[in-house]
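Trainee: Return a 3D structure for these sequence lines:
(2 chains)
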Amino acid sequence: MKIADLSELALRNLRESVLRNSLTTVGISVGVASLVAMLSLGTGLQQLFSRRLAKSGLFDTVIVSSRRELRGMGRQEERNGPTPGESRVLDEPARQEMERLPNVSDAYPDIRFVTELRFEDKPHLTMISALPQSAKSNDAFDGMQGQFFSSDTEPAVILQKSFAEELLGKTPALGAPEPSVAELAKPLLGKELTMRYAQRQNAPASQPPRETAPADNSSEGAAYSVVSREQKLKIVGVSDLDPESMRGPMRAKVFLPLRLAEDLHVMQPTDLREISRVASDEPVYSSVSVRVKNPAQVESVEDAIKKMGFTAFSILDASNSLRQVFRVLYAFLGIFGSLALTVASIGIVNTLVMAILERRREIGIMKAIGASDSDVRKLFFAEAGAMGILGGIVGVVLGWAIGQIINFGVNIYLKSQSVPPEHFWSVPLWLVVFSILFAFLVSLVSGLYPAGRAAKLDPVQALRYE
Amino acid sequence: MTTAPAVSVAPGTVAIRSENLCRHYRMGETLIRAVDGISLEIRAGEFVALLGTSGSGKSSVLNLLAGLDRPTSGSVIVQSRDLAKLSREELAKYRLHIVGMVFQSFNLIPSMTLAENVELPLRFAEVDRGQRQKLSRDALERVGLRARMDHRPSELSGGEQQRAALARALINRPQLLLADEPTGNLDSHTGTEIMEMVRGFNRDLGMTVVMVTHERALAERYAQRMIFLADGKLIDDRPNAPADTARVQGGQA
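Mentor: Numbering: from 1, shown residues only, chains lettered A, B, ... in the order given. Got it, this is the predicted structure:
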């Protein structure tokens, strides 16, 4: 029989017992809807996390430090690491070399120091770090009040919310509601801070080291001197989230533009250890952040940097295990979603077996006037398949609608909690196509037994039966 | 009348031959010999009546001739095809192209209109829709039901339903018409009407007709040959001179 005739007869037969077949189809729809709902929740959550992670700058960054420093910090030496003679100094040429590595978008030194900030004549000791202009896209500055630095040298600072609270003396009591960023930013934006810091000045080579210590805290034998300096900084932004949440105790609460920070030549902890090398004007960095164009390339970049003789660290491993978690979550959601479809497929078997009993005579007639076994089998297959496709289409629409409603509801809740709305429900095209195809296949499999039974029906028996 | 003559087999040649044809069933412990060693020959263009009481095996013979059932032993050869040796698929093709069947209970599909019922065999034969509609209209025209082609069987009288079944049996231009008590559910007037049509197919289209009936009078009136069966065996086989014109005779049972 031709496909057109098959589908026509199948649809006609479905219409004949419209209630029963509709109910079966509704069963499939519910199954598909639950599958679509589950998988689109999984997809949506995964996309949400990926989006967040990509913007957070956590997963595309490799943090590079000198091997010496690690030892200096008292950490365990890497067993396969190079001997001290092989390790390199993390200086400007090294940074530039990293920047030229394939798939690297930029490499910037990690400048980080503890210093004193004066605000309205009150001193506050805090950790400061420098940010490149590329950090502007960082997710942490999404809810920021004010603006990001207009240039890389602007004498400006961005404060983390908790430091803003400290400046205003508004540190909330435990359990009390936190003040909003907008509240905190209002009295601070545009105001000036005075930063007092220790500047490292290289001594002229001719001068003997001992005479070059005008400041109180110069080291003996150092080829440079340390000078106390002040810098006025304008508050341009107050960030809600913490851009350095992953750095733990080392995290900074005040941020400077990178170029400005470099030009200040602030004395850094590593300087002391690099004394013997700091003969030139070249700065030596305690660590360098290398940003990779795509999180997928982090591993190769990390390897390349290790080959250069540095210690490299990324949280790729963390991201890998996160991906693993999503894979498992996905499988679970899929299994739960499929469960309803499995139940629905039993409904198809039931409906078709009933149809065979009811249409026994009809099958006998068709065989008597020339229908082959395969004609009969195909007809039942077509009926199962038609129910599957119809149920699949209705189910996808239903699943999508459920997703929209839940998304809408959750966003109303998020709004009431003054959290920006999120799109955590996503029905990609592949899921639509896959769900309908899957429903079709499940239906065909369900039709296997009834169709075979119908095809094997003995026409003599079927016609005798009244 | 636009339906082309159905028969390509020259009249007088052997259309059906069976040799020691048997069909046995097992029903629990007992063996039922529904057909028990029947040998016969039917010539192309013959109108044969199979007579016998119920349980004599006449319907079983018809089912074997129709390819709906397979013999337990012996052979049945229809136009040089040994039906016992055909595959299920080949038997379906045989039923589709060689055989037309009508039944006592009409066996139209209730969910389909007359036109759809009549064209159903053409769907299995994968005939195009346009051709299908034309052929089914012609066939319904021939049995005088053109005006009712869009009705469902339940909206028609028994005689009309049997006429539609005849149109369906005719649609693939078969060489062999097998009728199983075609007038059994009809009053004698409509029964005669149907029989006249069958006779017309036999005479005008040259179809070989094998009709199962238990009404001897009906057989005597239409058949050229009467074969009597009892307990699955052939007990008599005699030629008959059918009445030439139909006369409505009331009170026949």
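Trainee: Could you list the contact residues of the stretch 151-253 of chain B toward chain A?
Mentor: Within the stretch 151-253 of chain B, the residues that sit near chain A (CB under 8 Å from any CB of the partner chain) are B:168-169, B:172. To be clear about C-beta, it is placed using only N, CA and C from the backbone, and glycine gets the same treatment.
Trainee: which one of these has the most neighbours?
Mentor: The most crowded member of those, judged by other CB atoms under 10 Å in any protein chain shown, is B:R168 (29 neighbours).
Trainee: Give me the secondary structure label for B:Y25.
Mentor: strand (DSSP: H, G, I helix; E, B strand; the rest coil).
Trainee: count of neighbours near the nearest residue to it once chain neighbours are set aside?
Mentor: Spatial nearest neighbour of B:Y25, excluding adjacent residues (CB to CB, 6 or more residues apart in numbering or on different chains): B:I32 at 4.5 Å. If you count neighbours by other CB under 10 Å, B:I32 ends up with 15.
Trainee: Mind jotting down where the helices sit in the stretch 351-466 of chain A?
Mentor: Taking DSSP state H, counting those that start in this stretch as the criterion, the stretch 351-466 of chain A carries its helices at A:360-368, A:373-416, A:429-455, A:459-464.
Trainee: same check, this time on chain A
Mentor: A:3-16, A:18-56, A:67-72, A:92-100, A:161-168, A:181-185, A:258-264, A:269-273, A:298-307, A:316-358, A:360-368, A:373-416, A:429-455, A:459-464 (DSSP state H).
Trainee: Following the chain past the helix or strand containing B:E119, name the next helix or strand.
Mentor: Assigned by DSSP states H and E, B:E119 falls within helix B:114-124. Downstream of helix B:114-124, the next assigned helix or strand under DSSP H and E is helix B:129-142.
Trainee: Show me what that following helix is packed up against.
Mentor: helix B:114-124, helix B:158-170 (3 or more CB pairs under 8 Å, 6 or more residues apart in numbering or on different chains; DSSP states H and E).
Trainee: follow-up on the earlier one: tell me the SS of the residue nearest to B:Y25?
Mentor: Under three-state DSSP, the three-state class of B:I32 is strand.
Trainee: what's the pLDDT at it?
Mentor: You'll see B:I32 listed with a pLDDT of 89.
Trainee: what sits against it?
Mentor: Contacts for B:I32 (CB atoms under 8 Å, 6 or more residues apart in numbering or on different chains) come out as B:24-26.
Trainee: Redo the residues you listed as CSV? Include neighbour count.
Mentor: Supplementary listing: the contacts of B:I32 in CSV, determined by neighbours: other CB atoms under 10 Å in any protein chain shown:
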residue, neighbour count
B:H24, 14
B:Y25, 12
B:R26, 8
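Trainee: between these, which is closest to chain A?
Mentor: B:Y25 (10.4 Å; CB to the nearest CB).
Trainee: so who does that closest one touch?
Mentor: Counted by CB under 8 Å, 6+ apart, B:Y25 has contacts B:31-32, B:34.
Trainee: nearest to chain A, of those residues?
Mentor: Distances from chain A to those, taken by CB to the nearest CB, are shortest for B:A34, at 10.4 Å.
Trainee: Helix or strand: which one has the closest residue to that closest one other than its chain neighbours?
Mentor: Closest residue to B:A34 apart from its sequence neighbours, by CB to CB, 6+ apart: B:S60 at 4.1 Å. Of the helices and strands defined by DSSP H and E, B:S60 is found in helix B:58-66.
Trainee: what's the angle between whichever helix or strand comes after that helix and helix B:58-66?
Mentor: Downstream of helix B:58-66, the first helix or strand assigned by DSSP H and E is strand B:73-78. If you take axes from the mean of the first three to the mean of the last three CA atoms, to 10 degrees, strand B:73-78 sits at 60 degrees to helix B:58-66.
Trainee: So the helix or strand just after strand B:73-78, near chain A or not?
Mentor: Downstream of strand B:73-78, the next assigned helix or strand under DSSP H and E is strand B:81-82. No. For strand B:81-82, no contact with chain A is found by CB under 8 Å from any CB; the gap never falls below 14.8 Å.
Trainee: Report the buried residues of stretch A:426-435.
Mentor: By neighbour count on 16 or more other CB atoms under 10 Å in any protein chain shown, the buried set for stretch A:426-435 is A:426-427, A:431-432, A:434-435.
Trainee: Next one: A:E383 relative to B:R225, how far apart?
Mentor: 45 Å (CB to CB, to the nearest Å).
Trainee: Comparing the two, which residue is more hemmed in?
Mentor: Neighbour tally, A:E383 and B:R225, criterion other CB under 10 Å: the higher count belongs to A:E383, 28 against 19.
Trainee: For burial, what's the neighbour tally of the closest residue to that one other than its chain neighbours?
Mentor: Leaving aside its chain neighbours, A:E383 sits nearest to A:A10 (4.4 Å; criterion: CB to CB, 6+ apart). With neighbours defined by other CB under 10 Å, the count for A:A10 comes to 20.
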